[in-house]
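Novice: The following block contains a protein sequence and its predicted model.
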Amino acid sequence: MPPGPDLGALYGNVLRAVNVPTQPTWRWERKQEQVLKLAGTLGLRMLIVDEVHNVLQGKIDQRNLVLNGLKFLSNELRIPVVAMGTHDALYAFQTDQQIGNRFEPLEVPRWKAGRGYALFLKQLAGGMTLKDDDDLLGSRPFVDRIHHLTDGLTGETYRLIGKLRMLAVQHDGQSLQEEWLGKVDWTAPSDRRNRSTTG
């Protein structure tokens, strides 16, 4: 979702995601037609829209246009549209009963530090081919430290493990090292929020 509720910008983002050139001056109707044609060509089976809470940044008529655009794509393409965002996004969808009924909310809770989170970290690291020869991801202090740095949020955890993966690449594919947490460019989400409210 673009920073503000702009249907043309949303369609433009969809097209750019698959490397289809667009012009900023094109009206949303033209971009919508491109998206429909492209979806058929690619055999699109699902559309995932992240940061959907951004729809709340604009006026009600702009918000409704974007939400109705998502509903239109779902109807026309007969595919599921998954809208991801913060808890505020739920409010945006509940302002319209038809759209609220179309999108069933599913909350992804924060992880609690423990065995389940450690298994999640191992799966993430394995999926990113990040080696853990010394079983560092089985160490409770290390797992707790990652949990603290990410506030137990799934997306933040994914990003942090990704940054550790990049450090592994820079170190010629070495196994995960505990000291890398001190080298990675990272600020915990709660610290970021505190800075934005005090700054």
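Specialist: Arrived safely, thanks for sending.
Novice: C-alpha from now on. contacts and neighbour counts both.
Specialist: Noted.
Novice: these two touch, right, residue 164 and residue 185?
Specialist: No. Using Cα atoms under 8 Å, residue 164 is not in contact with residue 185, being 9.8 Å away.
Novice: So which of the two has more stuff around it?
Specialist: Neighbour count, other Cα atoms under 10 Å: between residue 164 and residue 185, residue 164 has more, with 23 against 10.
Novice: Same question for the helix or strand where that one lies: list its buried residues.
Specialist: In the assignment (DSSP states H and E), residue 164 maps to helix 154-170. For helix 154-170, burial by neighbour count (16 or more other Cα atoms under 10 Å) applies to 154, 156, 157, 158, 160, 161, 162, 163, 164, 165, 167, 168.
Novice: what about the closest residue to the last one other than its chain neighbours, is that helix, strand or coil?
Specialist: Distance criterion Cα to Cα, 6 or more residues apart in numbering; nearest residue to residue 168, sequence neighbours excluded, is residue 174 at 5.4 Å. Counting by DSSP: H, G, I helix; E, B strand; the rest coil, the backbone at residue 174 sits in coil.
Novice: Residue 174 against residue 131, yeah?
Specialist: Yes. With contact defined as Cα under 8 Å, residue 174 reaches residue 131; the gap is 7.2 Å.
Novice: Mind telling me which residue is nearest the centre of this protein?
Specialist: residue 50 (4.9 Å; Cα atoms, centre = their mean).
Novice: quick one: the residue nearest to that one when sequence neighbours are not counted from residue 93, how far?
Specialist: Using Cα to Cα, 6+ apart and skipping residues adjacent in sequence, the residue nearest residue 50 is residue 84, 4.7 Å away. Using Cα to Cα, to the nearest Å, residue 84 is found at 11 Å from residue 93.
Novice: Over to residue 143?
Specialist: Counting by Cα to Cα - residue 143 and residue 93 are separated by 36 Å.
Novice: and if you look at residue 164?
Specialist: 36 Å.
Novice: Give me the phi and psi for whatever residue is furthest in space from the centre of the chain.
Specialist: Seen from the C-alpha centroid of the chain, the residue lying at the greatest distance (Cα atoms, centre = their mean) is residue 134, 30.7 Å away. Backbone torsions of residue 134, given as degrees, to the nearest 10, read phi -90, psi 10.
Novice: Report the separation between it and residue 177.
Specialist: Distance from residue 134 to residue 177, by Cα to Cα: 9 Å.
Novice: what does residue 9 give?
Specialist: The value you get for residue 9 to residue 177, if Cα to Cα is used, is 41 Å.
Novice: Residue 18 now?
Specialist: Taking Cα to Cα, one finds residue 18 at 36 Å from residue 177.
Novice: which one of those two has more residues nearby?
Specialist: residue 177 (15 against 10).
Novice: elements contacting the helix or strand hosting residue 11?
Specialist: Per DSSP H and E: residue 11 is located in helix 7-17. Packing contacts for helix 7-17, counted by 3 or more Cα pairs under 8 Å, 6 or more residues apart in numbering; DSSP states H and E, involve helix 28-42, helix 60-77.
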